[in-house]
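>>> Quick one: sequence and predicted model below, then my questions.
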Amino acid sequence: MNIKNSKNTRLLIISQHYPPDRSGNASRIFDMSSHLQKLGDEVTILAPYPSFPPGSFQRKWSLSEFKMIKGINLINLLSWQPGSENPNFVSRMAYYLSFPLHTVFWIVFNSRKFDVVISSAPPIFTGFGGLISKLFFKKKWCMDVRDLWIDASISLGFLKKGSFFERISRWYEQICYTNADMIGVTTQELGRRILNTYKKVDEKKIKVVSNGVDTEFFYPVEVNKKKQIIYAGNIGHAQDLENVILSMKTIIKKVDLKFLIVGDGDIKTPLEALAKREGLSKNIKFTGLVPRENIPLMFSESMIGIAALKKIPSLEYAVPTKAYEYMACRIPFVGCGNGEIRYLAEKSGGGVIADNSPDAIAETIMDLLNNPQKMSEMGKKGREFVKLYYDRKQIATKLKTYIDTIGDAAE
């Protein structure tokens, strides 16, 4: 399909996160919706009031709030907003469930305002609105799947395998995948895992829509390098930041180096305690949340970006968005984990993967620090690679082609 002759579609995008939320998916949905709007679609976003990271925003209790932001209709819907940094299970589930339930009510009264629904997961419950739109209002539905939420929850110890909650969640996901017109996945491995787990899913529905990066926003700033490495993103349970912190005990014996951890999340406080307990507070700085527009400069003045995932099978499909962002800013990344992140590092030449141990991470970082020419070459390769294959404008153009195709199928 020629994108110049594509249709102008009325899109409804349902997302648990949207700016000013500070999460990788919030920025990704913002970039995606902006590009789709520029390609001619009428875009409406349904999102809860800003609530992520938990406890960092003032709560709002009005039923809904409408804003027009750069041509995009943003509708914030009332949902539960956790008030503490690390909410308990009940508060967390209230946050995840109240918003998608509210989207269902909004859709019932506004079904004539859109043609195609995109529901972005995780969490899996954002599919409520898409399922209702499909079954009752005959709308086309694209599931935007970023994560195997159930598998990750089991691997990280938040959900018991074989429990009632897992069974009912699997049943719900099977219904969603069966009814969706398209299932967008970040990597081919993620698509394979969905097909292996849910046998009734039509393979033709699976389309790879990568996370990618806005290479115009994330670009190399010409600035002097500081003796620092950096991690920027959600400080959550899937990241192996504990081993990176412990690796600094070896590194600082050889070089005076700072490790910046930028962002917030569930394990920020325990990691701060670990750094203090290990006597690393001088060399490890937790900046907290910073404005997104400051990140390209912080990356550019750093020597290495960190993209450490825990080495568990349920994360082998994952590629952290930050890896693309580091490469876009022309700095090499050191990753941990298996699967897609290892494939990205090898194919791009912009990253290197270390085993998940303090010694291995320290050795990998020191190898790069001792070879400035290698770091420079990796940075250049990474920038060229993401511009060619993972620019979000290109990804949005491909997504629009898919959306137009499922729309054509209805005619």
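Done, it's in.
>>> mind listing the strands in the stretch 1-150 of the chain by residue range?
Ranges of strands in the stretch 1-150 of the chain, per DSSP state E, counting those that start in this stretch, are 10-14, 42-48, 64-69, 72-77, 116-121, 140-145.
>>> Just list whatever residues bridge to residue 182.
In this entry, residue 182 is beta-bridged to residue 142, by DSSP bridges.
>>> From residue 156, how far out is the residue nearest to residue 132 when sequence neighbours are not counted?
In this structure, residue 132 finds its nearest non-sequential neighbour in residue 104, 5.2 Å apart by Cβ to Cβ, 6 or more residues apart in numbering. C-betas here are computed from N, CA, C, even on glycine. Using Cβ to Cβ, to the nearest Å, residue 104 is found at 29 Å from residue 156.
>>> got it, and residue 405?
Taking Cβ to Cβ, one finds residue 405 at 36 Å from residue 156.
>>> mind exporting stretch 386-398 as CSV, just the C-alpha atoms?
Taking Å, rounded to 0.1, in the frame of the first residue of the first chain, the C-alpha atoms of stretch 386-398 are listed here in CSV:
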residue,chain,number,x,y,z
VAL,A,386,18.8,2.9,14.6
LYS,A,387,18.4,5.7,12.0
LEU,A,388,18.2,3.0,9.3
TYR,A,389,16.0,0.4,11.1
TYR,A,390,14.4,1.7,14.2
ASP,A,391,13.4,5.4,13.8
ARG,A,392,9.9,5.8,15.2
LYS,A,393,8.7,7.8,12.2
GLN,A,394,9.4,4.8,10.0
ILE,A,395,7.8,2.5,12.5
ALA,A,396,4.6,4.7,12.7
THR,A,397,4.5,4.7,8.9
LYS,A,398,4.6,0.9,8.9
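>>> what about stretch 261-279, start to end distance?
Criterion Cα to Cα, to the nearest Å; first-to-last residue distance in stretch 261-279 is 16 Å.
>>> who's in contact with it?
For stretch 261-279, contacts defined as Cβ atoms under 8 Å, 6 or more residues apart in numbering pick out 22, 53, 56, 85-86, 230-237, 239, 241-242, 245-246, 249, 281, 284-290, 295, 298.
>>> hmm, which of these are the buried ones?
22, 53, 56, 86, 230-237, 239, 241-242, 245-246, 284, 286, 295, 298 (16 or more other Cβ atoms under 10 Å).
>>> Filter the residues you listed down to the ones in helices?
If you go by DSSP state H, the buried ones among the contacts of stretch 261-279 have 241, 242, 245, 246, 295, 298 in helices.
>>> Columns pLDDT and distance to residue 387 on top of those residues, output as a markdown table?
What follows is these, written out as a markdown table (pLDDT from 0 to 100; distance: Cβ to Cβ, whole Å):
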| residue | pLDDT | distance to residue 387 |
| --- | --- | --- |
| 241 | 97 | 28 |
| 242 | 97 | 33 |
| 245 | 98 | 32 |
| 246 | 98 | 35 |
| 295 | 96 | 18 |
| 298 | 98 | 20 |
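>>> picking that back up, need the strands of the stretch 1-150 of the chain in a markdown table (columns: distance to residue 313).
Listed next are the strands of the stretch 1-150 of the chain as a markdown table, based on distance: least, Cβ to Cβ, whole Å:
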| stretch | distance to residue 313 |
| --- | --- |
| strand 10-14 | 29 |
| strand 42-48 | 32 |
| strand 64-69 | 40 |
| strand 72-77 | 36 |
| strand 116-121 | 20 |
| strand 140-145 | 18 |
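>>> got the ones you listed as CSV, with mean neighbour count, mean pLDDT and distance to residue 376 columns?
CSV is the format used below for the strands of the stretch 1-150 of the chain (neighbours: other Cβ atoms under 10 Å; pLDDT from 0 to 100; distance: least, Cβ to Cβ, whole Å):
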stretch, mean neighbour count, mean pLDDT, distance to residue 376
strand 10-14, 24, 97, 39
strand 42-48, 23, 97, 40
strand 64-69, 11, 95, 38
strand 72-77, 20, 97, 39
strand 116-121, 26, 96, 36
strand 140-145, 25, 96, 36
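>>> so which of the ones you listed comes closest to residue 367?
Smallest distance to residue 367 across the strands of the stretch 1-150 of the chain (Cβ to Cβ): 35.8 Å, for strand 140-145.
>>> Not counting the lowest-mean-pLDDT helix or strand in the chain itself, show me its contacts.
In the chain, the helix or strand scored least confidently by mean pLDDT, DSSP states H and E is helix 149-155, which has a mean of 83. Helix 149-155 has contacts (Cβ under 8 Å, 6+ apart) with 121-124, 159-161, 166, 169-170, 173, 193, 238, 312-315.
>>> change it to 7 Å
121-124, 159, 161, 166, 169-170, 238, 312, 314-315 (Cβ atoms under 7 Å, 6 or more residues apart in numbering).
>>> For PyMOL, write the select line for the buried members of those residues.
A single PyMOL command is used to select the members of the contacts of helix 149-155 judged buried by 16+ other Cβ under 10 Å:
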select buried, resi 121+122+123+124+159+166+169+238+312+314+315
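>>> Give me the subset of the contacts of helix 149-155 lying in helices.
Short answer: those in helices (DSSP H) are 166, 169, 170.
>>> distance of the residue lying closest to the second one once chain neighbours are set aside from residue 384?
Closest residue to residue 169 in three dimensions, ignoring its sequence neighbours and counting by Cβ to Cβ, 6+ apart: residue 150, at 5.3 Å. For residue 150, the distance to residue 384 under the criterion Cβ to Cβ works out to 37 Å.
>>> Give me the more crowded residue out of the two.
residue 150 (21 against 15; other Cβ atoms under 10 Å).
>>> Spell out which helix or strand contains residue 190, please.
For residue 190, the host element (DSSP states H and E) is helix 188-197.
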